[in-house]
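A.B. asks: sequence-free structure coming up:
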């Protein structure tokens with residue numbers, strides 16, 4: 001696939017100027033991005049669940065921020081406030097960079113212990129020696145990083161995520177004794193999520209398990225209780241809305257265009273690399289940093305706010321998923337229309353046809369028919385709306401200006417067939433990208449309208465709440481709704 005990065009001016013007019021992505025750790029100017037990229041590589045390798053990925057990124061960038069804050073004259077750390085503030089003579093670029101790198105290293109090794117070699121390599125590339133357990137001078141940049149990051153990790157080790165497996169054996173394992181209402185072979189109640197028996201990609205099958213159903217109990221950055229964000233109840237079986245939402249998904253399926261199919265693929269596969277939504281928005285933030293020529297201080301703050309927003313979005317979305325335990329489209333459509341002919345996508349290369357409603361499939365890979373957790377609300381919608389709100393606030397503008405081009409026949413669902421010719425997706429604004437991320441899940445047949453729109457609505461609120469708290473930590477006046485320059489810190 002071919003990527004095209006386009007610069008957009010402040011009146012949202014797309015220009016043809018190409019921007020090359022940052023791809024190597026050869027410049028201290030891009031230190032935050034160097035670390036962000038290597039962490040995303042670890043995410044690809046380990047493939048954590050979406051809300052787990054969001055937390056990992058938030059923890060790492062919080063450690064980086066808290067360590068950097070000790071060398072800023074105004075910023076407060078999340079755990080130790082201003083108690084680590086260094087004297088003015090020590091607030092040098094060199095000390096900031098060293099503290100940031102050591103903090104990123106400590107956090108990354110804690111979260112990705114099997115990926116330590118790649119973190120060691122980056123430290124060496126940047127000119128630092130990976131610590132091997134020796135005592136660090138607490139007044140040195142590395143020592144300050146160890147103290148600041150240690151406080152963040154201590155807090156997060158008991159945040160309800162079960163990272164250490166102390167609440168139930170196995171990292172991030174459920175400790176709430178969740179049990180599904182339905183079974184793979186029987187829909188006992190069509191209001192609830194059904195674990196499916198799905199292709200395991202190795203010639204056999206597996207039964208889905210609800211991924212991290214305890215995640216709504218994880219401590220958030222910006223709120224105490226997820227239920228503070230009010231959300232309407234999903235449609236109940238037997239209601240007009242329940243039937244209409246199922247019919248809408250069937251209608252999408254029957255009339256999918258190449259562009260809708262590739263929108264579904266782009267956001268499902270997270271561009272290139274199969275990152276979760278949080279990883280995808282971190283890639284977008286890298287582009288913003290490059291586009292706007294960020295300095296180190298700006299990137300520390302932007303990635304800190306962004307990743308705490310996606311972490312909080314994941315916590316709230318999974319709280320809603322567990323609370324409502326709501327049915328996925330595939331189960332609802334099979335239950336409603338089994339034995340009845342419906343017009344829908346008939347399978348790879350078969351276009352639209354009349355099929356038995358009990359045979360309907362989402363527009364997804366055979367090995368990923370539908371996600372391993374409940375429908376309501378859409379994680380993609382919540383993650384993306386929160387991330388877009390932070391980037392809009394940080395840059396002082398909704399302007400984005402990014403496009404992505406698919407080669408003909410590059411579909412993973414219908415290779416060699418879709419798209420019929422090269423096809424470009426583009427987003428003039430962050431909001432447009434977030435909205436497309438949300439509706440992509442409807443095109444793909446794995447979310448209903450309410451799950452998408454409610455996720456977007458609350459995600460935006462979470463993004464704003466995180467932004468307001470971040471501003472207080474940066475020791476800056478709250479940004480008004482008027483557009484402000486990113487240089488107004």
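C.D. replies: That came in fine, so what should we check first? The structure presented is a predicted model; accordingly, all values stated were derived computationally and were not measured.
A.B. asks: report the central residue of this protein.
C.D. replies: Central residue of the chain (Cα atoms, centre = their mean): residue 278, 1.8 Å from the mean position.
A.B. asks: do you know how far that residue is from residue 46?
C.D. replies: Distance of residue 278 to residue 46, given as Cβ to Cβ, to the nearest Å: 14 Å. From N, CA and C alone the C-beta is placed, and that goes for glycine too.
A.B. asks: that older thread, which secondary structure state does the residue nearest to the centre of the chain sit in?
C.D. replies: Under DSSP: H, G, I helix; E, B strand; the rest coil, the three-state class of residue 278 is helix.
A.B. asks: pull out the buried positions in stretch 221-234.
C.D. replies: If you call a residue buried by 16 or more other Cβ atoms under 10 Å, then stretch 221-234 has these buried ones: 221, 222, 223, 226, 229, 231, 234.
A.B. asks: please apply the same query to stretch 395-402.
C.D. replies: Neighbour count says stretch 395-402 has 395, 396, 397, 398, 399, 400, 401, 402 buried, by 16+ other Cβ under 10 Å.
A.B. asks: just confirm the first one contacts residue 287, I think it does.
C.D. replies: No - using Cβ atoms under 8 Å, residue 395 makes no contact with residue 287, being 11.4 Å away.
A.B. asks: common neighbours of those two, please.
C.D. replies: Residues touching both residue 395 and residue 287 by Cβ atoms under 8 Å, 6 or more residues apart in numbering: none at all.
A.B. asks: related to what we said a few turns ago, for the residue nearest to the centre of the chain, give me its contacts.
C.D. replies: For residue 278, the contacting residues are 50, 53, 54, 57, 307, 310, 311, 314, 383, 387, by Cβ under 8 Å, 6+ apart.
A.B. asks: rerun that using 7 Å as the cut-off
C.D. replies: 53, 54, 57, 310, 383 (Cβ atoms under 7 Å, 6 or more residues apart in numbering).
A.B. asks: cool, residue 305 as well?
C.D. replies: 390, 394, 466, 467, 470.
A.B. asks: and what about residue 224, helix, strand or coil?
C.D. replies: Classification of residue 224 using three-state DSSP returns coil.
A.B. asks: low-confidence ranges, the stretch 1-150 of the chain, go.
C.D. replies: Low-confidence segments of the stretch 1-150 of the chain (pLDDT under 70): 1-29, 133-134.
A.B. asks: would you state the strands of it in chain order?
C.D. replies: 2-4, 6-8, 14-18 (DSSP state E, counting those that start in this stretch).
A.B. asks: ditto for the stretch 201-350 of the chain
C.D. replies: Under DSSP E, counting those that start in this stretch, the stretch 201-350 of the chain gives strands at 205-207, 341-345.
A.B. asks: tell me what angle the helix or strand following the last one forms with strand 341-345.
C.D. replies: Once strand 341-345 ends, the next helix or strand along the chain (criterion: DSSP states H and E) is strand 352-356. Between the axes of strand 352-356 and strand 341-345, defined by axes from the mean of the first three to the mean of the last three Cα atoms, to 10 degrees, the angle is 140 degrees.
A.B. asks: ok, strand 352-356: who's next to it in the sheet?
C.D. replies: If you go by DSSP bridges, strand 352-356 pairs up with strand 341-345 (antiparallel).
A.B. asks: what sits against the residue lying closest to residue 73 once chain neighbours are set aside?
C.D. replies: Using Cβ to Cβ, 6 or more residues apart in numbering and skipping residues adjacent in sequence, the residue nearest residue 73 is residue 91, 6.7 Å away. Contacts for residue 91 were tallied using Cβ under 7 Å, 6+ apart; they are 71, 72, 73.
A.B. asks: out of those, the closest to residue 340 would be?
C.D. replies: The closest of the contacts of residue 91 to residue 340 turns out to be residue 72 (Cβ to Cβ; 63.8 Å).
A.B. asks: and the closest one, how close does it get to residue 277?
C.D. replies: Residue 72 is 30 Å from residue 277, by Cβ to Cβ.
A.B. asks: give me the more crowded residue out of those two.
C.D. replies: In this view residue 72 and residue 277 are compared by other Cβ atoms under 10 Å, and residue 277 has more residues nearby, 28 against 21.
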